[in-house]
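Asks: Sequence unavailable; structure follows:
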């Protein structure tokens with residue numbers, strides 16, 4: 001007989017031990033506050049008023065036994081508990097990748113494409129941590145940005161990669177409105193307002209707009 005797919009299980013008893021800090025006048029008040037927070041689902045919020053001091057599962061002594069619980073044709077979908085562990089691992093990896101990308105950006109001799117790839121890797125890991133899937137696993141060489149304008153004013157900006165944006169508004173030339181002297185790419189200076197603008201990270205929306213733009217190209 002050939003090899004079959006078997007699901008093997010083992011169980012261990014654990015005790016979930018949690019410690020929180022609670023200012024109180026006596027033990028009874030402290031335990032009452034803790035019980036109320038537990039019932040409200042806020043005991044794990046880790047606030048200044050009730051800091052979380054310990055939260056772990058402690059294994060209790062028992063015999064370890066492995067048993068086959070099923071023989072299957074194909075592996076079943078992972079349980080939510082497994083998906084959560086994968087997301088937590090992706091979140092840690094995303095933080096490490098982001099730190100590495102920012103360090104690359106600080107180095108003058110690193111090509112911009114290398115920084116973009118590192119940032120995209122961090123972004124893809126972050127999407128996995130949030131339970132999403134990047135729209136295109138291929139790593140782009142540059143971010144795509146969509147700018148929404150209404151009435152001559154920028155109303156919203158979205159990108160498929162992390163970017164920073166400032167808007168130089170040449171319609172605002174009065175210093176009383178915040179206008180400053182702005183250097184020009186071709187040389188010289190102009191008076192304009194320089195406004196930092198938040199960029200929404202929305203790769204699905206940006207990809208959809210890019211497809212519309214590609215369809216309009218003749």
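Replies: Perfect, I can see it now. Remember, it's a predicted structure, so these values are computed and weren't measured experimentally. Numbering: from 1, shown residues only.
Asks: The helix or strand where residue 148 lies pairs with which strands, and in what direction?
Replies: Here residue 148 sits within strand 145-150, counting by DSSP states H and E. The strands beside strand 145-150 in its sheet (DSSP bridges) come out as strand 153-159 (antiparallel).
Asks: Walk me through the domains of the chain.
Replies: 5-67, 80-129, 145-216 (automatic domain parsing).
Asks: Can you tell me which of those domains is packed in deepest?
Replies: For the domains of the chain, average neighbour numbers computed from mean count of other Cβ atoms under 10 Å are highest in domain 80-129, which has a mean of 15. All C-beta atoms are positioned from the backbone trio N, CA, C, and that covers glycine.
Asks: Show me what the helix or strand where residue 128 lies packs onto, helices and strands only.
Replies: In this assignment (DSSP H and E), residue 128 forms part of helix 112-129. Under the contact definition 3 or more Cβ pairs under 8 Å, 6 or more residues apart in numbering; DSSP states H and E, helix 112-129 sits against helix 80-105.
Asks: who does the helix it packs on touch, helix- and strand-wise?
Replies: Using 3+ Cβ pairs under 8 Å, 6+ apart: helix 80-105 touches helix 112-129.
Asks: Report the rounded mean pLDDT for the helix it packs on.
Replies: Mean pLDDT, helix 112-129: 83.
Asks: can you state the direction angle for it and helix 80-105?
Replies: 160 degrees (axes from the mean of the first three to the mean of the last three Cα atoms, to 10 degrees).
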